[in-house]
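Asks: only the shape, not the letters, is given here:
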């Protein structure tokens with residue numbers, strides 16, 4: 001049997017494609033357009049449920065809270081000339097990122113339909129479906145039409161993989177989808193230039209990679225993966241030619257890097273916060289051990305993501321040293337993958353390519369070589385899962401498919417069905433922050449942040465209820481969540497949340513202590529404002545209900561110590577002084593309020609009354625006029 005006819009671990013020679021391949025007598029599934037269309041349709045079936053979802057997680061920072069995006073097409077210039085999410089005026093690690101492509105598209109979509117999450121969700125699904133179809137066509141070009149069936153089933157597994165629910169259902173993750181799409185497009189056109197004698201495609205490949213980098217910097221991995229693909233599978237590409245073409249891709253990378261440096265004004269270094277990445281400041285062996293554990297978790301979730309979560313903060317993935325058995329197991333597994341890649345390099349073995357591409361794709365995100373802004377994220381395994389799914393189906397094809405195609409189809413279909421069911425289960429949980437955060441306390445029960453997020457959502461839901469009673473189940477759930485978060489890690493936010501719970505219950509003394517504890521952890525302006533509001537409510541209760549004017553004055557004074565800009569708090573303090581016949585202090589309080597609300601009629605009237613009671617008629621008339 002010739003090499004062209006005999007499938008091996010290497011791709012067979014690619015038969016020439018002619019117009020006869022699409023003649024009327026050809027079976028439907030062998031038509032050139034069938035599998036890309038079928039895969040794209042499968043994507044829409046899998047994710048149609050996300051089209052009615054709202055803005056979730058940090059979606060708002062690139063949509064409804066982003067001033068550049070809300071200007072529509074007119075804001076694209078600012079998007080291109082500023083850091084990622086700069087238009088949201090929120091201090092995040094995105095100040096060190098340059099990802100304008102997805103944000104510019106959000107601005108365009110906003111100009112078509114303002115504040116409409118549906119259009120952004122639809123475009124996410126459309127780009128994802130397009131990426132799946134494009135990847136299949138590229139792989140068929142690289143491996144040859146003789147391998148259409150295993151490639152199609154491999155892409156079906158990839159399309160249905162539950163790990164991708166975050167990428168597709170989270171609007172913000174358009175950056176991942178676009179980076180993937182244009183990276184594969186760059187690979188496709190580079191292949192045409194090197195193997196198809198189409199030199200004009202080289203410039204197109206360089207342009208595609210530039211767009212991929214504008215979407216997300218992770219596309220830099222294609223600088224290694226693309227030449228590897230040429231070397232492993234190209235008939236006309238030895239290692240020298242592959243390196244030459246790979247080197248040409250450095251041009252768009254350098255252009256992107258210079259542009260990024262200019263826009264960011266050199267501010268491109270980033271030190272992660274320990275609450276975002278627990279390895280910040282960790283000992284060397286802990287960083288290595290935990291990085292290996294992260295790699296092991298990525299691999300396990302490629303196999304079967306039993307539990308999916310929007311967050312994997314401390315202590316969902318514990319910090320471990322190199323002596324931990326999981327770190328050792330991961331080291332052995334990934335050393336074996338690297339060994340496979342090295343062993344099969346000279347042999348141009350397909351499994352070796354998949355192993356190397358998988359390792360390269362995760363190299364930026366495992367925290368072994370570079371600390372990033374998070375320890376673990378499902379979206380970060382997006383490109384790596386492509387090579388995993390292809391390797392899995394390739395192995396099944398080699399072991400079973402060539403002897404028993406029916407058994408191969410049945411097994412691959414069973415895997416695709418299992419992935420699809422898990423995806424169908426996960427997509428509805430991305431409907432809103434409430435559905436996502438409350439579900440993921442079960443999916444990531446050891447993360448301090450999942451409990452914190454759920455507590456915040458229960459509080460928001462409570463504040464929206466028509467009848468608010470201190471013992472409502474929503475408040476109890478919020479309290480339980482914040483306490484669980486604190487049990488895992490003491491941070492400012494759950495203390496703030498518990499303070500809000502106590503404040504809603506009118507337990508003002510307890511609330512004030514909790515807010516102060518939160519301020520001690522992190523001095524946020526929001527916490528100062530909540531503490532001021534609590535003291536004001538406490539003062540009103542003491543003055544109006546308990547008739548304790550001295551305590552009321554103390555509470556109002558404390559409120560203004562934490563936020564002196566509130567005119568109403570000055571009015572409350574002035575009123576308490578007036579009722580206590582301390583008219584001079586009352587007048588001074590009312591006038592202090594007028595500094596922040598000079599046209600406020602009630603403050604002017606009360607100040608005039610205080611001066612009149614002091615016998616200063618001239619000042620009273622001046623205020624009344």
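Replies: Perfect, I can see it now. Note that this is a predicted model, so its numbers are computed, not measured.

Asks: all the helices of the stretch 301-450 of the chain, residue numbers only.
Replies: Applying DSSP state H, counting those that start in this stretch to the stretch 301-450 of the chain gives helices spanning 325-345, 350-363, 382-396, 405-426, 433-443, 448-463.

Asks: can you name the residues in contact with the third one?
Replies: Contact partners of helix 382-396, identified using C-beta atoms under 8 Å, 6 or more residues apart in numbering, comprise 9, 135, 139, 150-151, 153-155, 157-158, 161, 163-164, 167, 176, 180, 183, 218, 221, 298, 302, 350-351, 354-355, 357-358, 361-362, 408, 411-412, 415. Backbone N, C-alpha and C define where each C-beta goes, glycine included.

Asks: 7 Å - rerun?
Replies: With contact meaning C-beta atoms under 7 Å, 6 or more residues apart in numbering, helix 382-396 is reached by 135, 150, 153-154, 157-158, 161, 163-164, 167, 176, 180, 221, 298, 302, 350-351, 354, 357-358, 361-362, 408, 411-412.

Asks: what's the angle from that helix to helix 405-426?
Replies: Counting by axes from the mean of the first three to the mean of the last three C-alpha atoms, to 10 degrees, helix 382-396 points 150 degrees away from the direction of helix 405-426.

Asks: and the longest helix for the chain?
Replies: helix 117-143 (DSSP state H).

Asks: buried residues of that helix, list them for me.
Replies: Neighbour counts over helix 117-143 (16 or more other C-beta atoms under 10 Å) mark 117, 119-125, 127-143 as buried.

Asks: secondary structure class for the nearest residue to residue 353 once chain neighbours are set aside?
Replies: Using C-beta to C-beta, 6 or more residues apart in numbering and skipping residues adjacent in sequence, the residue nearest residue 353 is residue 232, 4.3 Å away. Recorded secondary structure, residue 232: helix (DSSP: H, G, I helix; E, B strand; the rest coil).

Asks: which residues does the nearest residue to residue 125 once chain neighbours are set aside contact?
Replies: Nearest non-adjacent residue to residue 125, counting by C-beta to C-beta, 6+ apart: residue 47, 4.7 Å away. Contacts for residue 47 (C-beta under 7 Å, 6+ apart) come out as 125, 168, 427.

Asks: likewise residue 597?
Replies: By C-beta under 7 Å, 6+ apart, the contact set of residue 597 is 567, 603.

Asks: chain center to stretch 380-400: distance?
Replies: Counting by C-alpha atoms, centre = their mean, to the nearest Å, stretch 380-400 is centred 24 Å from the centre of its parent chain.

Asks: do the same with stretch 257-269
Replies: Averaging C-alpha positions (C-alpha atoms, centre = their mean) puts stretch 257-269 22 Å from its chain's average.

Asks: now it: buried residues?
Replies: 257, 259-260, 263-264.

Asks: do the same with stretch 379-391
Replies: For stretch 379-391, a neighbour-count test (16+ other C-beta under 10 Å) marks 379-391 as buried.

Asks: sorry, back to before: pLDDT score assigned to the residue nearest to residue 125?
Replies: Turning to residue 47, the model gives it a pLDDT of 98.

Asks: can you put the helices of the stretch 301-450 of the chain in a markdown table and add mean pLDDT and distance to residue 554?
Replies: Putting the helices of the stretch 301-450 of the chain into a markdown table (pLDDT from 0 to 100; distance: least, C-beta to C-beta, whole Å) gives the following:
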| stretch | mean pLDDT | distance to residue 554 |
| --- | --- | --- |
| helix 325-345 | 98 | 55 |
| helix 350-363 | 97 | 58 |
| helix 382-396 | 97 | 56 |
| helix 405-426 | 96 | 52 |
| helix 433-443 | 97 | 38 |
| helix 448-463 | 96 | 28 |
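
Asks: what about the nearest residue to residue 166 once chain neighbours are set aside, neighbour count?
Replies: Closest residue to residue 166 apart from its sequence neighbours, by C-beta to C-beta, 6+ apart: residue 378 at 4.5 Å. The tally of other residues near residue 378 (other C-beta atoms under 10 Å) stands at 24.
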